[in-house]
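Peer 1: Test case, fold it:
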Amino acid sequence: MTAQHTRLVKAMGADDTSVRLQAAMTVGANADPAFLEALVERCAVEPDFFVRDMLSWALTRLAPEVTLPRLRQELGSECRQARSQALHTLSKIKDGSTWGWITRDLLRDADDEVARTAWRAAVVLVPEGQGKELAEELVRQLGRGGRDVRLSLSRALVDLGEESRPALEEAVGHPDPDVAAHARATELLRRDPEAGFDVAVEEAKRTVVLGPERRAGQA
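Peer 2: Okay, here's the model as predicted:
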């Protein structure tokens, strides 16, 4: 271990956020695989969003054959942030061979942030022709969590485009009004991505309460 390596690893754990950010940037610029373990370990505990993003960028600078096996280990970590950050980094590397690592357990993770990151990564990595199956899995999460969680799920389904339409159309008839409204709001966004999420949600709620025929009659 060189003196520079020791200094940079120590700087990545400094109290000052700007020092940590600069250290991660320097490590990424060097693209030295000797920093792999330090980068992965720091991802699991780094509290600042921008520093975490720089750590992920530094990992993308390393050769995939070096980085990917280590990230796969993190997907099974008991630490929620370790799982989430590994998923985020995989979505940045965009190696199609990692698609199979986005398991159903990760897509349904009990931690909202891990699940949200898994949804985004899955949409990036899904192979051509498998988007419909992914959409069918994602719609099982409709109605989950608060606004931010629901918005993340809607965006993932919207990004799947036409492949999400059949699953969403079926979900709008769900007996749970929260699920039905979330499905309808997502379908509105899929048809018109420029529409605001909150507006789509309110419109969907009114439609679910009144029924589509009565709603059309009031228009």
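
Peer 1: Distance check, the residue most central in space within the chain against Ser164.
Peer 2: Nearest to the mean C-alpha position of the chain, counting by CA atoms, centre = their mean, stands Thr117 at 2.1 Å. To Ser164, Thr117 is 19 Å away according to CB to CB, to the nearest Å. No exception for glycine: its C-beta is placed from N, CA and C like everyone else's.

Peer 1: Provide a list of residue ranges in this protein with pLDDT below threshold.
Peer 2: Flagging of the chain using pLDDT under 70 yields the residue ranges 1, 195, 198-200, 203, 205-219.

Peer 1: check contacts around the residue nearest to the centre of the chain.
Peer 2: Neighbour list for Thr117: Arg83, Ser84, Gln85, Leu87, His88, Ser91 [criterion: CB atoms under 8 Å, 6 or more residues apart in numbering].

Peer 1: so which strand or helix has it?
Peer 2: According to DSSP states H and E, Thr117 maps onto helix 112-125.

Peer 1: where do the strands sit along the protein?
Peer 2: In the chain, no strands are defined using DSSP state E.

Peer 1: Could I get the buried residue list for stretch 132-146?
Peer 2: Buried positions in stretch 132-146, judged by neighbour count with 16 or more other CB atoms under 10 Å: Leu134, Ala135, Leu138, Val139, Gln141, Leu142, Gly143, Arg144.

Peer 1: give me every residue that touches the fifth one.
Peer 2: For Gln141, the contacting residues are Leu107, Arg108, Ala115, Trp119, Leu153, by CB under 8 Å, 6+ apart.

Peer 1: Can I get the buried part of those as one ChimeraX selection?
Peer 2: The buried residues among the contacts of Gln141 can be selected in ChimeraX (16+ other CB under 10 Å) with this line:
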select :107,115,119,153
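
Peer 1: which two from the contacts of Gln141 end up farthest apart in space?
Peer 2: In the contacts of Gln141, two members sit farther apart than any others by CB to CB. They are Arg108 and Leu153, at 11.7 Å.

Peer 1: any idea how far Val51 lies from Ser18?
Peer 2: Taken as CB to CB, the span from Val51 to Ser18 is 9 Å.

Peer 1: Please disregard the earlier target; I meant Asp95.
Peer 2: Distance from Asp95 to Ser18, by CB to CB: 31 Å.

Peer 1: Compare these two and say which one has the larger neighbour count.
Peer 2: Each of Asp95 and Ser18 has its neighbours counted (other CB atoms under 10 Å); Asp95 has more, 15 against 11.

Peer 1: quick one: contacts for Arg116?
Peer 2: Residues in contact with Arg116 (CB under 8 Å, 6+ apart) are Asp148, Val149, Ser152, Leu153.

Peer 1: try it again with 7 Å
Peer 2: Contact analysis of Arg116 by CB atoms under 7 Å, 6 or more residues apart in numbering lists Val149, Ser152.
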